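S.K.: sequence below, structure please.
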Amino acid sequence: MKANEVDLNKIAEGIKLVLEGIGEDPERAGLRRTPQRVAEMYAELTAGMREDPHAHVEPLPGDTHDELVIVKDIHIASICEHHLAPFVGRCHIAYIPKGGRILGLSKLARLSDTFARRLQVQERLTSEIADTIFDGLKPLGVMVVIEAEHTCMTLRGVKKPGALTITSAIRGAFRKDPRTRAEAMSLIQGHRA
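M.R.: Next comes the predicted model:
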C-alpha cells in the first residue's frame, strides 16, 4: 500500500476500538455499520491527499483578462489535524492576472477543495492555496482569505460556538500596494446574498 492510499478496513478497525474505548458496544444495532461509514467518510474528507493541486492551475487557452479577479464564498470543509475534528467556512481568492493569463473560475474552487480535503491547519491551508496560484499562474498578485469555524473550539475545550478564525495569505502586488489590497478586501467583505 502506498503512503497516500486509503485502507478502509484499518480505519474501520480503529473506529471500532474508539467505540469500545468510550464504553459502547460496536455490535449494537445502530452501530454495526458505523465503523465502515466513518471509514468511507474519512476517505472522502481526505481525498485531497491523493490529488495534485497543480492540475487546477492551468491558464485558460485563448481567454485573457488583466484586471482583478475575485471568487468569494467558496465553501470549504476540512479536518483539524490536531483533534481530527471538522472545520468549515468560506474561502475567498483574489488575483491580478499577468500577461492576461486567467484560470477557469471553477479551478479556484477545486484547488481550495484539494487542499481543504486533507488533515490541515487553517493557516497552512490559506498559504498553500495562495502559493500554488502564485507559483503556477505567475500573476501580479494573489490574496486568499479564509473564515472558518472550528468544531475543536466550538464543541470541546473553550466551547465558543460562532467564533470565526480568519486567516490571510498575501503575495505580490497585494503585499506591495495597500490600495490594491484595500480594493480586494472591500470587494471580499461586500454584501453577501
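S.K.: shaky segments in the protein?
M.R.: Where the chain drops to pLDDT under 70, the residues are 1-3, 191-193.
S.K.: so which residues of it form helices?
M.R.: Taking DSSP state H, the helices of the chain run over residues 8-21, 34-45, 105-116, 122-137, 151-154, 173-176, 178-189.
S.K.: in a markdown table, list those helices along with mean neighbour count and distance to Ile96.
M.R.: Glycine gets a C-beta too; all of them are placed from N, C-alpha and C. What follows is those, written out as a markdown table (neighbours: other CB atoms under 10 Å; distance: least, CB to CB, whole Å):
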| stretch | mean neighbour count | distance to Ile96 |
| --- | --- | --- |
| helix 8-21 | 15 | 42 |
| helix 34-45 | 16 | 33 |
| helix 105-116 | 21 | 14 |
| helix 122-137 | 20 | 10 |
| helix 151-154 | 16 | 34 |
| helix 173-176 | 18 | 5 |
| helix 178-189 | 15 | 7 |
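S.K.: quickly list what the residue nearest to Lys176 when sequence neighbours are not counted is bridged to.
M.R.: Excluding its sequence neighbours, the residue lying closest to Lys176 (CB to CB, 6 or more residues apart in numbering) is Gly141, at 7.7 Å. On the basis of DSSP bridges, Gly141 is bridged to Ile96, Gly172.
S.K.: show me what contacts the residue nearest the centre of the chain?
M.R.: Nearest to the centroid of the C-alpha atoms of the chain, with distances taken as CA atoms, centre = their mean, sits Ala116, at 2.5 Å. Contacts for Ala116 (CB atoms under 8 Å, 6 or more residues apart in numbering) come out as 48, 76-78, 91, 125.
S.K.: hmm, back to that, hmm, the residue nearest to Lys176 is touching Ala169, no?
M.R.: No: using CB atoms under 8 Å, Gly141 is not in contact with Ala169; the gap is 11.2 Å.
S.K.: need the contact partners of stretch 151-161.
M.R.: For stretch 151-161, the surrounding residues in contact (CB under 8 Å, 6+ apart) are 80, 82-83, 85-87, 149, 162-163, 165.
S.K.: next one: stretch 184-193
M.R.: Stretch 184-193 has contacts (CB under 8 Å, 6+ apart) with 68, 70, 72-73, 92, 94, 143, 145, 174.
S.K.: cool, stretch 118-136 as well?
M.R.: Against stretch 118-136 from outside (CB under 8 Å, 6+ apart): 46, 48-49, 53-54, 56-57, 76, 78-82, 84, 87, 91, 93, 95, 103, 108, 111-112, 115-116, 139, 142-146, 148, 150, 165, 167-172.
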